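> The following block contains a protein sequence and its predicted model.
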Amino acid sequence: SFIGQLPTWQVGDWGQFAFYDPGTTLKGDVLITRGYIPTIDFGYTHGLLSLLFGRAGFGLLGRTPQVFWILTLLCEMAMAWGFARLLTALEIGAAGICVMLAALPFAVMPAYLTLTHPLEAALIVWALAFQAEGATGMWKSHGKNAGKGWALALMTVCIFVKPSMAYLEGAVLIALMLWEATWLEGR
């Protein structure tokens, strides 16, 4: 999907990184490298884990727009693996897989505004995969709520990336786990 929708030269343009959202990732990394502290010395509107992810990637590969795209591609590869696990757990058949493949270019975008968005999406997809695997009994040997437990752990991590959807999915998981523990155990 990423290669099929490979960002054009305009997406990786200097102006995009100098004046628009993709530049916040590189700017944040520059400021951290200079000793500035996020939320104290400079504002950052997303969770700090995405800054740490960017710092690790830029520290290894250099601070360039191309590395930004490499880090985005890594997140998208993690999303693809998570989608594969989700589809396997849901056992949706060939027709369902065709629908998912047709929707994939819309679900996994080739160009994100910051590293926060693909990192958040990868964590959510993996949480949904763990939740689906738990519902289909793939985690039976680890206990009834093991799949939901792993999903909740990922949503807890995701709160430090971008909290909005992580709070929502985390609340759904907690509600399901409480409902199963109280209502189903009482039967």
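Received it, and whenever you're ready, just let me know what you need.

> same for the longest helix along the chain, what does it pack against?
In the chain, taking DSSP state H as the definition, the longest helix is helix 65-90. Counting contacts by 3 or more C-beta pairs under 8 Å, 6 or more residues apart in numbering; DSSP states H and E, helix 65-90 is packed against helix 14-19, helix 22-33, helix 48-61, helix 93-107, helix 116-135. In this view, the C-beta of every residue, glycine as well, is placed from N, C-alpha and C.

> again, only using 6 Å
Helices and strands touching helix 65-90, by 3 or more C-beta pairs under 6 Å, 6 or more residues apart in numbering; DSSP states H and E, are helix 48-61, helix 116-135.

> which parts of that helix are buried?
By neighbour count with 16 or more other C-beta atoms under 10 Å, helix 65-90 contains the buried residues 65, 67-69, 71-72, 74-76, 78-80, 82-83, 85-87, 89-90.

> most tightly surrounded among the helices and strands packed on helix 65-90?
Highest mean neighbour count of the helices and strands packed on helix 65-90: helix 116-135, a mean of 23 (counted as mean count of other C-beta atoms under 10 Å).

> Could you list the low-pLDDT ranges of this protein?
Along the chain, the model assigns pLDDT under 70 to residues 1-13, 110, 135-145, 184-187.

> Relative to Ile92, how far out is Ile124?
Look at Ile124 and Ile92: by C-beta to C-beta, to the nearest Å, they are 19 Å apart.

> swap that for Cys98, please
In this view, Cys98 and Ile92 are 10 Å apart by C-beta to C-beta.

> Of those two, give the one with the bigger neighbour count.
Higher neighbour count among Cys98 and Ile92: Ile92, with 14 against 11, using other C-beta atoms under 10 Å.

> distance of that one from Phe17?
Taking C-beta to C-beta, one finds Ile92 at 39 Å from Phe17.

> Also Ala102?
Taking C-beta to C-beta, one finds Ala102 at 32 Å from Phe17.

> Looking at those two, which one has more neighbours?
Phe17 (19 against 9).

> Not counting its neighbours along the chain, what's nearest that one?
What sits nearest to Phe17 in space, not counting adjacent residues and going by C-beta to C-beta, 6 or more residues apart in numbering, is Gly23, at 4.2 Å.

> List phi and psi for Pro38.
With angles defined as degrees, to the nearest 10, Pro38 sits at phi -60, psi 150.

> Based on its surroundings, how many neighbours for the closest residue to it other than its chain neighbours?
Excluding the flanking residues, the one nearest Pro38 by C-beta to C-beta, 6+ apart is Tyr44, at 4.9 Å. By other C-beta under 10 Å, 18 other residues sit near Tyr44.

> Next one: Tyr44 from Leu113, what distance?
Using C-beta to C-beta, one gets 13 Å for the distance from Tyr44 to Leu113.
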